[in-house]
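Novice: predicted coordinates and the sequence they were generated for:
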Amino acid sequence: NTQGNNLEQQINAIQGWITLGVDAIVVLPIEPTALQPLQRQAQAADIKWLTYLGKMDGADGFVGFDHAQSGQIIAQAAVDWAKANELTNVKALVTTLTPLPSLSPRWTEVTRIFVENDIEVVAEQDAADQTNGLRVAETVLQQHPDLDIIIGMADDAAVGALRAIRLAGADPSKMFVGGQDGSLEGLSAVNDGGAYRASAAILINELGANIVEIGRASCRE
């Protein structure tokens, strides 16, 4: 039931699983340092500790994908859009999630490619869900009403930013919003047209199957 990257909710859930004596725990580590005591507790009880999306030292397994490629794909899509529309003095907002440094290529690659293409990143702020994506975009749009590009480190952040654009009454035809992961809401927004133009999508079904299989495989060892 962890929502909005709520560490306390995640810790409570994991503690419950350890108490139940499950065979394996597969977790997206919101804050690896805070979860290390639980990892040690679980492994001491012969419970396999596995992660996805973010790595943890000493884990029994990991499922991930190329965050650098994800950032490069969405950044290049934004660059191509700006060039196709012959924009100058392009300004961008890039959302981050600094508590999870293993994900950093999702935004560092974006900023690198933007700098190489003379796109000014006017703000980088943590936002991984819709609520924070909305909040951050609203603030930045107030400071930079001529903002051209918003890149979310995840589709949820970008979907929240899209709401901010609508609330601000900005012209969606003159903006590029892009996310990463290929969530249902993100891809639906792409299909709807308007400012949300792309998502660096992963194969969600395949990722989910791999997460399940790594848990099953660990229990067969």
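Specialist: Good, I have the coordinates.
Novice: look up how far N5 lies from the residue sitting nearest the centre point of the chain.
Specialist: By Cα atoms, centre = their mean, the mean C-alpha position of the chain lies nearest to A154, the distance being 3.1 Å. Going from A154 to N5 by Cβ to Cβ, to the nearest Å gives 10 Å. Every residue, glycine included, has its C-beta placed from N, CA and C.
Novice: OK, contacts around A195?
Specialist: 162, 165, 170, 172-173, 175-177 (Cβ atoms under 8 Å, 6 or more residues apart in numbering).
Novice: now, which of those sits nearest E109?
Specialist: Relative to E109, the closest of the contacts of A195 is F176; by Cβ to Cβ it sits at 16.6 Å.
Novice: what sits against the residue nearest to the centre of the chain?
Specialist: Applying Cβ under 8 Å, 6+ apart to A154 gives the contacts 95, 97, 106, 128-129, 179-181, 183.
Novice: likewise for S70?
Specialist: S70 makes contact with 105-106, 180-181, 200, 202, according to Cβ under 8 Å, 6+ apart.
Novice: again, 7 Å this time
Specialist: Contacts for S70 (Cβ atoms under 7 Å, 6 or more residues apart in numbering) come out as 106, 180, 200.
Novice: out of those residues, name the ones that lie in strands.
Specialist: If you go by DSSP state E, the contacts of S70 have 180, 200 in strands.
Novice: let me have the contacts of S70 in a markdown table, extended by neighbour count.
Specialist: What follows is the contacts of S70, written out as a markdown table (neighbours: other Cβ atoms under 10 Å):
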| residue | neighbour count |
| --- | --- |
| R106 | 29 |
| Q180 | 29 |
| A200 | 24 |
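Novice: quick revisit: got JSON lines for the contacts of A154, with pLDDT and distance to R220 too?
Specialist: Formatted as JSON lines, the contacts of A154 follow (pLDDT from 0 to 100; distance: Cβ to Cβ, whole Å):
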{"residue": "T95", "pLDDT": "98", "distance to R220": "39"}
{"residue": "L97", "pLDDT": "91", "distance to R220": "33"}
{"residue": "R106", "pLDDT": "95", "distance to R220": "33"}
{"residue": "A128", "pLDDT": "91", "distance to R220": "34"}
{"residue": "D129", "pLDDT": "92", "distance to R220": "35"}
{"residue": "G179", "pLDDT": "97", "distance to R220": "36"}
{"residue": "Q180", "pLDDT": "96", "distance to R220": "33"}
{"residue": "D181", "pLDDT": "91", "distance to R220": "30"}
{"residue": "S183", "pLDDT": "90", "distance to R220": "32"}
